[in-house]
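Peer 1: Can you look at this prediction? I've put the sequence above it.
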Amino acid sequence: MTPFRTLLSGFLGAALLVPVLPAATTAAADARTVDARTIDYAGLRLTVPPDWRIVDLGLDPDACLRLDLPTLYLGHAGTQSRCTGRAVADRADTLHLEPLDGAPQRADILTIAVDSATALPEDPPQSDSNELRYALPRPGVMATVSYGAAPDAVRRVLARARAVTPGAPAGPRPPAEPAVATDGDTPRTAQAPFTGEGFDACTAPNQRSMDTWRADSPFGAIGIYIGGRARACAQPQLTADWVRRQADGGWHLMPIWVGPQPWNSSSTGLSTDPSEADAQGRSAADGAAAAAESLGLPPDTVLYNDVEGYTDRATWDAPVVSYLTAWTVRLHELGYRSAAYVSAGSGAKALSAHYHQAPQAMPDVLWVARWNDSPSVSDADMGLPAGTDQWAGRRRAHQFRGDHDASYGGVTINIDRNWLDIDPSVLGPGSLFPLS
């Protein structure tokens, strides 16, 4: 069975997912409802559309900051232990408000410092992940905007916010750019040669969870979702410091980009035209390389492109191959190495069929989803022809079990399980082509 890992907006009633903000003021979020749709938070009063959920993260620290359900999130993110899924067919408008003091210095999305919500830029910069952050020092609020095809609607919600505490002191003004690890902060290596079990989770776990699992779990590698328009969960933990800590702790990191997908969607869909898919692949590589650099991941790091499974191979094989080869060529131009996450029944077959036509443009590493509970990267488990030389020589990973809760040392995380046999040193330098 093809392992689709898509979050569906209609999965469960929204009321069952997380509690709605109560009328009383909460100590954690300092928020209260004025009426059913109007919220006072940190000196701001804003009104949300009727179909939005309102989630107080202070009351529910385990809630997942999902990007596929229209939601106002209030307060600092907690453990996000209820996060599932990896890619979404339709991104929604979401707004996350949290105190500027204590807001993580995110490296995966752009942070723009503005004086107030009413002073948002008319033309915000393009975001490859359909996310932006606005640092508002006067009310002392960090506002993270997530959207589908365009940011206009959710930005209007924020721009119409009004101050209800006149004369509030200005908070600290953060840098307008995300933090980039300096040479002294660069991890010793984020991708040492590795053979063994790894996991990927929708959102990067907090440091306590990572330390506990490093000591008590069988895993030595972790997949982290660094961006892309189809990314399912927000990443409040994902900073350059987080990456450095995991690398220094001995984790092998698999940075994953969740770009356009082989399905019909105005916000997350891949074009069926191979030439347009080629341009999307190059754009995805630009976005992933920029995110990797901001996270302190140096050139020659292997970056993974998540392309979910599909059944209509007649429609999607050609654009998927065009997309992933363009992704590879562009990453090589930028000095990074390329990998693809694909389903054994679709993307792996498409890449394998075209492998010898352009081997230099094929992903350096192949990561195949086949949920057969077999921790192996054999030809059979990878869905490749028997005895093939394709991706031979420690260039393979196999996701052998999908979404499930796993517990080690008293810490539970929803994960996929993988078996890796990867040695980046056999791939050669990432810059195989002249810089453009």
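Peer 2: That came through fine. Every value quoted in this text rests on a predicted model; they were computed, and no experiment measured them.
Peer 1: burial count for Arg395?
Peer 2: Around Arg395 there are 21 other residues, counting by other Cβ atoms under 10 Å. To be clear about C-beta, it is placed using only N, CA and C from the backbone, and glycine gets the same treatment.
Peer 1: Make residue 1 into 182 and carry on from there
Peer 2: Sure, I'll start numbering at 182, so the last one becomes Arg576.
Peer 1: where along the stretch 282-431 of the chain do the helices fall?
Peer 2: Counting by DSSP state H, counting those that start in this stretch, one finds helices in the stretch 282-431 of the chain at the ranges 333-340, 388-397, 421-429.
Peer 1: Kindly export the shortest one (C-alpha atoms) in CSV.
Peer 2: To tie it back to what came earlier, the one meant is helix 333-340. C-alpha atoms of helix 333-340 as CSV (Å, rounded to 0.1, in the frame of the first residue of the first chain):
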residue,chain,number,x,y,z
ASP,A,333,-3.2,38.4,2.1
ALA,A,334,-6.2,37.1,4.2
VAL,A,335,-4.3,36.2,7.3
ARG,A,336,-2.2,39.4,7.1
ARG,A,337,-5.4,41.4,7.1
VAL,A,338,-6.5,39.6,10.4
LEU,A,339,-3.2,40.8,12.0
ALA,A,340,-3.1,44.2,10.4
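Peer 1: Got the domain ranges for the protein?
Peer 2: Using automatic domain parsing, the domain parsing of the chain gives 187-284+290-344, 364-608.
Peer 1: and those, which is most packed in?
Peer 2: domain 364-608 (a mean of 20; mean count of other Cβ atoms under 10 Å).
Peer 1: Could you list the low-confidence segments of this protein?
Peer 2: Along the chain, the model assigns pLDDT under 70 to residues 182-217, 346-369, 609-617.
Peer 1: circling back to that earlier point, what's the closest of the helices of the stretch 282-431 of the chain to Thr453?
Peer 2: helix 333-340 (26.5 Å; Cβ to Cβ).
Peer 1: Could you pull out the helices in the stretch 482-617 of the chain for me?
Peer 2: Going by DSSP H, counting those that start in this stretch, the stretch 482-617 of the chain shows helices at 494-514, 528-535, 560-563.
Peer 1: any chance of those helices in a markdown table, plus distance to Pro231?
Peer 2: Formatted as a markdown table, these follow (distance: least, Cβ to Cβ, whole Å):
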| stretch | distance to Pro231 |
| --- | --- |
| helix 494-514 | 36 |
| helix 528-535 | 39 |
| helix 560-563 | 48 |
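Peer 1: which residues in the stretch 282-431 of the chain form strands?
Peer 2: Assigned by DSSP state E, counting those that start in this stretch, the strands in the stretch 282-431 of the chain fall at 292-294, 312-317, 322-327, 343-344, 375-381, 402-408.
Peer 1: Could you dump those into a markdown table and include distance to Trp438?
Peer 2: Below are these laid out as a markdown table (distance: least, Cβ to Cβ, whole Å):
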| stretch | distance to Trp438 |
| --- | --- |
| strand 292-294 | 20 |
| strand 312-317 | 13 |
| strand 322-327 | 16 |
| strand 343-344 | 38 |
| strand 375-381 | 13 |
| strand 402-408 | 6 |
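Peer 1: so which of those comes closest to Thr219?
Peer 2: Using Cβ to Cβ, the nearest of those to Thr219 is strand 343-344, at 10.2 Å.
Peer 1: and that closest one, how far from the chain's centre?
Peer 2: Centroid displacement of strand 343-344 relative to its chain, using Cα atoms, centre = their mean, to the nearest Å, is 32 Å.
Peer 1: which helices and strands sit right next to that strand?
Peer 2: Applying 3 or more Cβ pairs under 8 Å, 6 or more residues apart in numbering; DSSP states H and E, one finds that strand 343-344 contacts strand 225-228.
Peer 1: Sheet-wise, list the partners of the strand it packs on with their directions.
Peer 2: strand 219-222 (antiparallel), strand 343-344 (antiparallel) (DSSP bridges).
Peer 1: Please tabulate the helices of the stretch 282-431 of the chain in TSV and include distance to Ser447 as additional columns.
Peer 2: TSV is the format used below for the helices of the stretch 282-431 of the chain (distance: least, Cβ to Cβ, whole Å):
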stretch	distance to Ser447
helix 333-340	14
helix 388-397	36
helix 421-429	32
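Peer 1: do you know which of the ones you listed lies nearest Ser533?
Peer 2: Closest among the helices of the stretch 282-431 of the chain, using Cβ to Cβ: helix 421-429, at 31.9 Å.
Peer 1: Ends of stretch 392-411, what's the gap?
Peer 2: 29 Å (Cα to Cα, to the nearest Å).
Peer 1: Relative to the whole chain's centre, how far out is it?
Peer 2: 12 Å.
Peer 1: ok, now stretch 493-508?
Peer 2: 22 Å.
Peer 1: Other residues contacting that stretch?
Peer 2: 440-441, 443, 451-463, 465-466, 486, 488, 491, 519, 521, 523, 527-528, 530-532, 534-535, 539, 542-544 (Cβ atoms under 8 Å, 6 or more residues apart in numbering).
Peer 1: In this structure, spot the strand with the most residues.
Peer 2: strand 576-589 (DSSP state E).
Peer 1: Quick one: work out the angle between that strand and helix 388-397.
Peer 2: 100 degrees (axes from the mean of the first three to the mean of the last three Cα atoms, to 10 degrees).
Peer 1: Packing partners of strand 576-589?
Peer 2: Counting by 3+ Cβ pairs under 8 Å, 6+ apart, strand 576-589 packs on strand 375-381, helix 388-397, strand 546-550, helix 560-563, strand 592-603.
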